[in-house]
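Asker: Structural data only, the sequence is not supplied:
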Ligand SMILES: Cc1cc2nc3c(=O)[nH]c(=O)nc-3n(C[C@H](O)[C@H](O)[C@H](O)COP(=O)(O)O)c2cc1C
Ligand SMILES: O=C(O)C(=O)c1ccccc1
């Protein structure tokens, strides 16, 4: 699918942002949060409770997959071009037929109120301000309707944790709520039908769903069909037995077993818009996704939070793009920490890159403004990286594997 440019939409924000770095920076205006993206993690660790830090910073098992995600970026290096017309690069992309000024989206992250009381509303508002699409998690601690309100005229996608077929009526209700609230694409996460082996959470005895304040189950508790289902089953309301209701919602969205490829049909019949399968890591699965006619995939291993000893998500990206890049939109996440990482993932064929942990660190450190700072920093960094590498746009004709050298 050719990457079409949209010059007018794209130039203004990166240009102003670059100006802001140089002019403001040189006029001794210090930011409240550092521009050094490699420091956000340790600052967030210092700020958060042991439980919240363990949750966001933790990974599956020994952390090998998460470490490999990072190491995979360092295997690739950007090769600059000289004495070419170097302009502020055009960062715009077309995704599912719509124009986006930047190739960056905000990844779905659940229970954000454990990081800052403003939670998803803060990050959805920041995403809108930075003009990045916001992907809302089914595990959000804020209702679908309230996140939509906070995101306003921003672009938003809904991430589904997918109840088993016996609960199709509940799934339908989630989809209808999302559609009514202006979510355009449906991201279906396939790698988390149960949470991974996460020793940090086990040491802390921590499960965000079973918190006494029940913020992890907000989407279920605000769902009219789940509420009616609970009442019918137990003869009492959710409020009369919060503990059972929370546990049952958790096992509804994390049932412990997986759907099949055939089941995707139900989503295709009940979602009017693009469907994106998140959590694809193999070429064979990418091919199946193309065969069944979904519109996109996210090459992702959930930030190494699900399976230890797994392959680096970036290592699979070019192979998957070679197999299906002309048939569906390939998005990417897992391990993206700076502008150069985004540039490398785009060069390896991703159409859009999802930012995960870094914006959660921003949220922990400064609420909405913290998320704004992280997103703007990554955007400015990407912009300048391309600008100084003589790469005029993120169009795959310009930004592709020829721009990279592998160690
Ligand atoms: C605290 C946390 C919560 C997450 N919650 C969700 C979620 O609810 N749904 C989902 O599809 N992915 C979830 N993810 C995975 C992200 O969408 C994304 O795949 C991952 O963060 C990418 O890895 P990175 O953060 O290391 O770059 C979560 C990740 C984190 C760190
Ligand atoms: O932690 C995660 O990776 C995740 O997807 C999730 C699961 C449950 C609640 C919130 C997020």
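Answerer: Ah, there it is. Quick caveat: nothing in here was measured; it's all calculated off a predicted structure. Residues are numbered from 1 along each chain as shown. Ligands and ions are numbered 1, 2, ... in the order given.
Asker: dump the residue contacts of the residue nearest to residue 338 when sequence neighbours are not counted.
Answerer: Computed as C-beta to C-beta, 6 or more residues apart in numbering, the closest residue to residue 338 that is not its neighbour in sequence is residue 37, at 4.9 Å. Every C-beta, even on glycine, is put in place using the N, C-alpha and C of the backbone. The contact partners of residue 37, by C-beta atoms under 8 Å, 6 or more residues apart in numbering, come to 337-338, 358, 374, 377-378, 381.
Asker: try it again with 10 Å
Answerer: For residue 37, the contacting residues are 337-339, 341, 358, 361-362, 374, 377-378, 381, by C-beta atoms under 10 Å, 6 or more residues apart in numbering.
Asker: For the closest residue to residue 93 other than its chain neighbours, what are phi and psi?
Answerer: Nearest non-adjacent residue to residue 93, counting by C-beta to C-beta, 6+ apart: residue 103, 4.8 Å away. Residue 103 adopts backbone torsions of phi -90, psi 40, taken as degrees, to the nearest 10.
Asker: Assess the claim that residue 103 and residue 331 are in contact.
Answerer: Yes. Applying C-beta atoms under 10 Å as the test, residue 103 and residue 331 come out as touching, 9.2 Å apart.
Asker: what do those two both touch?
Answerer: 95, 345, 350-353.
Asker: coming back round to it: state the distance from the residue nearest to residue 338 to ligand 2.
Answerer: 21 Å (C-beta to the nearest ligand atom, to the nearest Å).
Asker: per-residue confidence at that residue?
Answerer: Per-residue confidence at residue 37 stands at 97 (pLDDT).
Asker: One more: residue 11?
Answerer: 49.
Asker: between the contacts of residue 37, which has the most around it?
Answerer: The most crowded member of the contacts of residue 37, judged by other C-beta atoms under 10 Å, is residue 362 (32 neighbours).
Asker: Quick check: closest non-adjacent residue to that residue.
Answerer: Closest to residue 362 by C-beta to C-beta, 6+ apart is residue 374, at 3.4 Å.
Asker: Check residue 207 too.
Answerer: residue 201 (6.8 Å).
Asker: Using the three-state scheme, assign the closest residue to residue 181 other than its chain neighbours.
Answerer: Nearest non-adjacent residue to residue 181, counting by C-beta to C-beta, 6+ apart: residue 148, 3.6 Å away. Using DSSP: H, G, I helix; E, B strand; the rest coil, the secondary structure recorded for residue 148 is helix.
Asker: burial count for residue 148?
Answerer: Residue 148: 22 neighbours (other C-beta under 10 Å).
Asker: and if you look at residue 175?
Answerer: 20.
Asker: Please flag which of the contacts of residue 37 sit within helices.
Answerer: Among those, the members falling in helices (DSSP state H) are 339, 341, 358, 361-362, 374, 377-378, 381.
Asker: Which parts of this structure are strands?
Answerer: Ranges of strands in the chain, per DSSP state E, are 76-78, 93-95, 98-100, 104-106, 134-136, 156-160, 185-189, 275-280, 296-299, 329-332, 352-355, 404-406.
Asker: Which strands or helices does the third one pack on?
Answerer: Taking 3 or more C-beta pairs under 10 Å, 6 or more residues apart in numbering; DSSP states H and E as the contact definition, the neighbouring helices and strands of strand 98-100 are helix 7-19, strand 93-95.
Asker: Also the fourth one?
Answerer: Judged by 3+ C-beta pairs under 10 Å, 6+ apart, the packing partners of strand 104-106 are helix 119-130, strand 134-136, strand 156-160, helix 339-347, strand 352-355, helix 357-388.
Asker: go again using 8 Å as the cut-off
Answerer: strand 134-136, strand 352-355, helix 357-388 (3 or more C-beta pairs under 8 Å, 6 or more residues apart in numbering; DSSP states H and E).
Asker: rank the ones you listed by pLDDT, which is bottom?
Answerer: helix 357-388 (a mean of 96).
Asker: what's the neighbour count on the nearest residue to residue 231 once chain neighbours are set aside?
Answerer: Counting by C-beta to C-beta, 6+ apart, residue 231 lies nearest to residue 237, which is 5.7 Å off, once chain neighbours are set aside. Applying other C-beta under 10 Å, we find 13 other residues in the vicinity of residue 237.
Asker: Just to check, residue 237 is in contact with residue 226?
Answerer: No. Under the criterion of C-beta atoms under 8 Å, residue 237 makes no contact with residue 226, lying 11.5 Å away.
Asker: gap between the residue nearest to residue 362 and ligand 1?
Answerer: Where ligand 1 is concerned, residue 374 sits at a distance of 12 Å (C-beta to the nearest ligand atom).
Asker: Please apply the same query to residue 91.
Answerer: Distance from residue 91 to ligand 1, by C-beta to the nearest ligand atom: 19 Å.
Asker: Same question for residue 383.
Answerer: Distance from residue 383 to ligand 1, by C-beta to the nearest ligand atom: 20 Å.
Asker: That residue is in contact with residue 87, isn't it?
Answerer: No. At 10.8 Å, residue 383 does not count as touching residue 87 under the criterion of C-beta under 8 Å.
Asker: more neighbours, those two?
Answerer: Per other C-beta under 10 Å, whichever of residue 383 and residue 87 has more neighbours is residue 383, with 24 against 14.
Asker: Local confidence estimate at the nearest residue to residue 298 once chain neighbours are set aside?
Answerer: The shortest distance from residue 298 to any non-neighbouring residue, by C-beta to C-beta, 6+ apart, is to residue 278 (4.0 Å). Looking at residue 278, its pLDDT reads 99.
Asker: That concludes my questions; thank you for your assistance.
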